[in-house]
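>>> Predicted structure and sequence below. I'll ask about it afterward.
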Amino acid sequence: MSIGAKMRATSPNLMEDVELGSSSVNKSSGTTRTRPMMKLKDSNIVELQPLVDSSSKSSKADGESSSFAKSMIATTMYSGCSIGMVLVNKSLASSYNHLIDGDLNILLVVFQAVAAVICVEFSKFMGWVEYPNFNTQTARLWAPVNLFFCGMLFTGMASMQHNSVPMVTVFKNITNIMTTVGDCILYGAGIELLVMAAFGIMLLGAVFAARNDADVTQTGLFWMLGNCLCTSGYVLYLKYATKTVKLSKFGMVFYNNVLCTCFLLPVTIFNGELSMFLNTSALHTMDYAVKNWFAGFVGFFLNFASLNCVAQTGPTTYAMIGSLNKIPIAIFGYLIFDNDISPETWRFICVSLCGGILYTVAKLRASRRKSRS
């Protein structure tokens with residue numbers, strides 16, 4: 001029975017009339033009137049629905065594409081800001097460290113945190129961003145992030161004093177593996193075989209680069225393990241905080257830098273960095289102030305980019321981007337500051353690139369599988 005034909009049921013009690021796409025001609029006016037596609041006169045007739053909803057399938061694909069684009073933007077922003085921050089701080093160190101007997105590493109972090117607070121408060125004053133005023137309850141929820149950060153800072157400096165740079169690089173790659181395992185245990189993230197292979201390749205490359213400088217003392221090992229735990233704890237708790245603390249990203253930037261200043265400023269008083277700065281008149285120049293303000297401005301964006309990267313991609317990708325950033329930093333250091341790159345460093349760069357490519361392939365394959373399911 002073809003579409004467009006009038007069908008009559010044999011029993012009028014079940015179905016009186018069903019017309020599919022039929023039309024009738026008004027003989028008096030000569031016009032054609034199109035009837036509805038289906039006219040039902042009995043409730044027992046059910047209109048069939050398509051087995052596959054193409055609109056929902058299309059919207060799901062669009063959602064996956066949008067999520068991938070956001071992840072790419074987040075990782076690019078974090079990588080760019082992180083590299084810029086390292087280069088600015090290196091410029092400060094190379095320009096002024098010869099004027100003092102020691103370093104001002106922690107005081108520089110305080111200066112940049114204060115500058116970031118001023119930037120975000122100015123943005124709020126202008127109406128560009130919005131977040132609630134300072135609240136002690138919110139500060140208590142966010143405080144562990146800064147405690148992990150301070151622990152990461154202190155143990156990192158101590159490990160650099162008691163270990164060689166190649167050995168620190170080896171342990172940094174171990175930290176990435178710890179972060180991946182923690183992401184799996186705490187947040188249920190799946191561990192891709194290719195992801196672990198990528199981390200393994202980077203770890204082997206670091207070990208190979210450090211094979212001629214592998215002296216490790218008990219003190220150095222203690223500080224290095226402490227740095228691994230603090231770094232992994234910082235990244236993993238940062239993901240928890242961004243999900244549970246009800247703040248916008250700019251509010252998180254505000255609390256992050258306010259608490260960082262509160263925790264680290266007393267440290268600069270006790271370790272003598274603040275008095276060293278105040279007593280060194282050669283540092284009281286406009287050039288030094290402008291560079292610190294610019295570093296704080298970059299730090300403002302770095303804070304936002306870090307929070308956004310962890311929220312969009314997760315701790316594992318955040319850790320991988322941090323490791324891969326060492327490649328452009330080494331190259332820019334060679335081009336801008338005339339830093340020598342040893343053959344071991346070049347080999348490490350090549351191996352790290354291979355690990356990064358393998359990690360990218362693993363994530364792309366996982367994204368395709370997710371879009372098909």
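Cool, got the structure. Quick caveat, the model's predicted, so the values are computed rather than measured.
>>> Can you tell me which helices and strands whichever helix or strand residue 70 is part of packs against?
Using DSSP states H and E, residue 70 sits within helix 54-96. Other helices and strands packing on helix 54-96, by 3 or more CB pairs under 8 Å, 6 or more residues apart in numbering; DSSP states H and E, are helix 286-313, helix 315-324, helix 326-336, helix 343-372. Where C-beta positions appear, they are placed from N, C-alpha and C, glycine not excepted.
>>> Out of those, point me to the one whose mean pLDDT is lowest.
When those are compared on mean pLDDT, helix 343-372 scores lowest, with a mean of 78.
>>> list the buried ones in that helix?
Judged by neighbour count (16 or more other CB atoms under 10 Å), helix 343-372 contains these buried residues: 344, 345, 348, 349, 351, 352, 355, 356, 358, 359, 362, 363.
>>> re earlier: specify the stretch among the helices and strands packed on helix 54-96 that is closest to residue 204.
Among the helices and strands packed on helix 54-96, helix 343-372 comes nearest to residue 204, with 7.2 Å by CB to CB.
>>> so what does that closest one touch, helix or strand wise?
Under the contact definition 3+ CB pairs under 8 Å, 6+ apart, helix 343-372 sits against helix 54-96, helix 193-209, helix 315-324, helix 326-336.
>>> Now do the second one: distance to the chain's middle.
When you say that, I think you mean helix 193-209. Computed by CA atoms, centre = their mean, to the nearest Å, the separation of helix 193-209 from the middle of its chain amounts to 21 Å.
>>> and that helix, which residues are buried?
Using 16+ other CB under 10 Å as the burial criterion, the residues of helix 193-209 that qualify are 194, 195, 198, 199, 201, 202, 203, 205, 206, 207, 209.
>>> now those residues in a markdown table, with distance to residue 121 and pLDDT?
As requested, the buried residues of helix 193-209 are exported to a markdown table (distance: CB to CB, whole Å; pLDDT from 0 to 100):
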| residue | distance to residue 121 | pLDDT |
| --- | --- | --- |
| 194 | 44 | 81 |
| 195 | 39 | 83 |
| 198 | 40 | 85 |
| 199 | 39 | 84 |
| 201 | 44 | 84 |
| 202 | 39 | 81 |
| 203 | 42 | 81 |
| 205 | 43 | 76 |
| 206 | 41 | 76 |
| 207 | 46 | 76 |
| 209 | 44 | 66 |
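>>> can you give me the helices for the stretch 1-150 of the chain?
Per DSSP state H, counting those that start in this stretch, the stretch 1-150 of the chain carries helices over the ranges 54-96, 105-125, 136-162.
>>> Tell me which of these sits most buried.
Highest mean neighbour count among the helices of the stretch 1-150 of the chain (mean count of other CB atoms under 10 Å): helix 105-125, with a mean of 20.
>>> any idea of the angle that one forms with helix 136-162?
Counting by axes from the mean of the first three to the mean of the last three CA atoms, to 10 degrees, helix 105-125 lies at 150 degrees to helix 136-162.
>>> Identify whichever of the helices and strands packed on helix 343-372 lies nearest to residue 254.
Closest among the helices and strands packed on helix 343-372, once you apply CB to CB, is helix 54-96, at 17.2 Å.
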